[in-house]
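Visitor: starting from these lines, generate the structure:
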Amino acid sequence: MHLNDRDLAFLASGPADRDGRMYHKHLSPGSVANHREGYKERWFKLKGNLLFYYKVNEYGGVCAKEPSGVFILEDCIVKTEDEATLPFAFSITFLSEPERKHIFSSSNQKVCDEWVQLLEQCGYERLRKKVIDMTKQMKDQTGLTVTSLPSSPTPQPSSITSASSSNTPSFI
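Guide: Predicted structure coming up:
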């Protein structure tokens with residue numbers, strides 16, 4: 001997927017699922033994990049599975065209307081970090097780069113826990129698995145069967161038909 005600055009600005013505009021100020025640092029192989037330097041204060045804005053970040057000026061204000069960058073939260077592990085150098089920390093590690101960890105530090109434990117819970121639930125694959133589980137529950141309770149489910153990031157319409165009768169109309 002290719003996005004230019006205008007695409008990112010458009011995607012980042014509007015209300016967020018969650019936003020707030022945090023400190024961020026990425027750890028790469030060879031970097032010192034217990035070093036306080038390297039954390040940068042950023043404003044983060046979550047929309048769907050996109051975590052946008054903005055630079056913060058010396059007065060604490062957001063520097064620009066357009067984000068500085070974005071994390072696409074797919075195929076990643078989100079967990080709290082008890083051994084980080086800053087308090088109330090969590091990390092995001094992408095499966096494609098397991099040696100590289102992004103550490104985030106929030107203002108208090110409650111905020112940290114809220115971010116972790118939300119970030120764990122926002123990926124497409126997690127939502128897809130949830131739909132599959134709900135579909136199974138629906139079949140068990142009602143006898144309705146979903147004949148197709150999306151298998152790729154581009155959801156396709158599903159048709160639902162009755163498992164017990166072919167005279168029942170299909171719904172799209």
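
Visitor: use CA for all of it now, contacts and neighbours both
Guide: Noted.

Visitor: and the helices in the protein?
Guide: Using DSSP state H, the helices of the chain run over residues 5-12, 109-120, 124-142.

Visitor: contact partners of the shortest one?
Guide: Contacts made with helix 5-12 from outside it, assessed by Cα atoms under 8 Å, 6 or more residues apart in numbering, are listed as Lys45, Lys47, Phe52, Lys65, Glu66, Pro67.

Visitor: show me what the lengthiest strand in the chain is packed up against.
Guide: Ranked by residue count under DSSP state E, the longest strand found in the chain is strand 18-27. With contacts defined as 3 or more Cα pairs under 8 Å, 6 or more residues apart in numbering; DSSP states H and E, strand 18-27 has these neighbours: strand 40-47, strand 101-105.

Visitor: report the buried residues of that strand.
Guide: By neighbour count on 16 or more other Cα atoms under 10 Å, the buried set for strand 18-27 is Asp19, Arg21, Met22, Tyr23, His24, Lys25, His26.

Visitor: from the chain's centroid, how far away is it?
Guide: 13 Å (Cα atoms, centre = their mean, to the nearest Å).

Visitor: and that strand with strand 40-47, angle?
Guide: 130 degrees (axes from the mean of the first three to the mean of the last three Cα atoms, to 10 degrees).

Visitor: pretty sure Glu74 contacts Glu120?
Guide: No: look at Glu74 against Glu120 with Cα atoms under 8 Å: they stay out of range, at 9.9 Å.

Visitor: before we move on, the earlier item: pick the most buried one from the helices and strands packed on strand 18-27.
Guide: Most buried of the helices and strands packed on strand 18-27, by mean neighbour count (mean count of other Cα atoms under 10 Å): strand 101-105, with a mean of 22.

Visitor: would you turn the helices of the chain into a markdown table with distance to Glu81, mean pLDDT and mean neighbour count?
Guide: Putting the helices of the chain into a markdown table (distance: least, Cα to Cα, whole Å; pLDDT from 0 to 100; neighbours: other Cα atoms under 10 Å) gives the following:
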| stretch | distance to Glu81 | mean pLDDT | mean neighbour count |
| --- | --- | --- | --- |
| helix 5-12 | 27 | 84 | 14 |
| helix 109-120 | 10 | 96 | 16 |
| helix 124-142 | 22 | 84 | 14 |
